[in-house]
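Asks: A predicted structure for the sequence below; I have some questions about it.
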Amino acid sequence: RKEVEQDPGPFNVPEGATVAFNCTYSNSASQSFFWYRQDCRKEPKLLMSVYSSGNEDGRFTAQLNRASQYISLLIRDSKLSDSATYLCVVNYNFNKFYFGSGTKLNVKP
Amino acid sequence: AAGVIQSPRHLIKEKRETATLKCYPIPRHDTVYWYQQGPGQDPQFLISFYEKMQSDKGSIPDRFSAQQFSDYHSELNMSSLELGDSALYFCASSPQRDTQYFGPGTRLTVL
């Protein structure tokens, strides 16, 4: 079983839709949590860190639920440019970063 | 803002040849990570360095080695290349083993 699990999708949504992704992690001692966005054949780019209190950056909201060991990403008012693969990353014991397999989002006109 | 620099960006090698990939972290970042990403796969962790010492090892083949130098740049050395080594190789750097920032990657093609 992978340390970090994500639904691979694809999620096909129309422009303007709200879409949410979840990611579960297996190690309860995990310390920090991130969402990255990766476009085809490009490097992962940090979208946001995820804090216990939840955090928001424009149209993006991330939540952490330690009790249930999952993090979520909500994208409001989807744009065509949001089409990408979204990677959930969990940091355990500082040295170890575990990646989910990514969730593919296709935003259609 | 300065980003992670990787060189070369593209590399073509024959089977059984050697390759050296270089990574220059963001200034004042003391930790470097190497990842391999095959087509349609998530990045697979290879190895990391913290303050010039190896700090963790992932699924790095014995044919590969890496080090971090006094100026914090890192090199990944790959020998006896195989067709299956064709992939994108990313380097990421972080300050004190916190958030990772990725370089643009080196695309290695083994023929």
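Replies: Great, that's in hand. Numbering: from 1, shown residues only, chains lettered A, B, ... in the order given.

Asks: Quick one: mean pLDDT for the longest strand anywhere in chain A?
Replies: Counting residues, the longest strand found in chain A (DSSP state E) is strand A:84-92. In this model, strand A:84-92 carries a mean pLDDT of 93.

Asks: Provide the strand pairings for the helix or strand containing A:Val107, with the direction of each partner.
Replies: Here A:Val107, judged by DSSP states H and E, is contained in strand A:103-108. Here strand A:103-108 is paired, per DSSP bridges, with strand A:11-14 (parallel), strand A:84-92 (antiparallel).

Asks: Ranking helices and strands of the chain by mean pLDDT, which lands last?
Replies: Here I'm looking at chain A. strand A:96-99 (a mean of 86; mean pLDDT, DSSP states H and E).

Asks: Sorry, I should have been clearer: chain B.
Replies: strand B:53-57 (a mean of 90).

Asks: So which residues make contact with the helix or strand that that one is followed by?
Replies: The helix or strand immediately downstream of strand B:53-57 is strand B:64-68, counting by DSSP H and E. With contact meaning C-beta atoms under 8 Å, 6 or more residues apart in numbering or on different chains, strand B:64-68 is reached by B:32, B:34, B:46-47, B:49, B:52-54, B:60, B:74-79. (Glycine included, C-beta is placed from N, CA and C.)

Asks: Kindly report the same for stretch B:75-84.
Replies: Residues contacting stretch B:75-84 (C-beta under 8 Å, 6+ apart): B:13-23, B:34, B:46-47, B:63-67, B:69, B:85, B:89, B:91, B:108, B:110-111.

Asks: Point out where the chain drops to low pLDDT.
Replies: Because you didn't say which chain, this covers chain A. A:94 (pLDDT under 70).

Asks: my bad, chain B
Replies: For chain B (pLDDT under 70), the answer is B:97.
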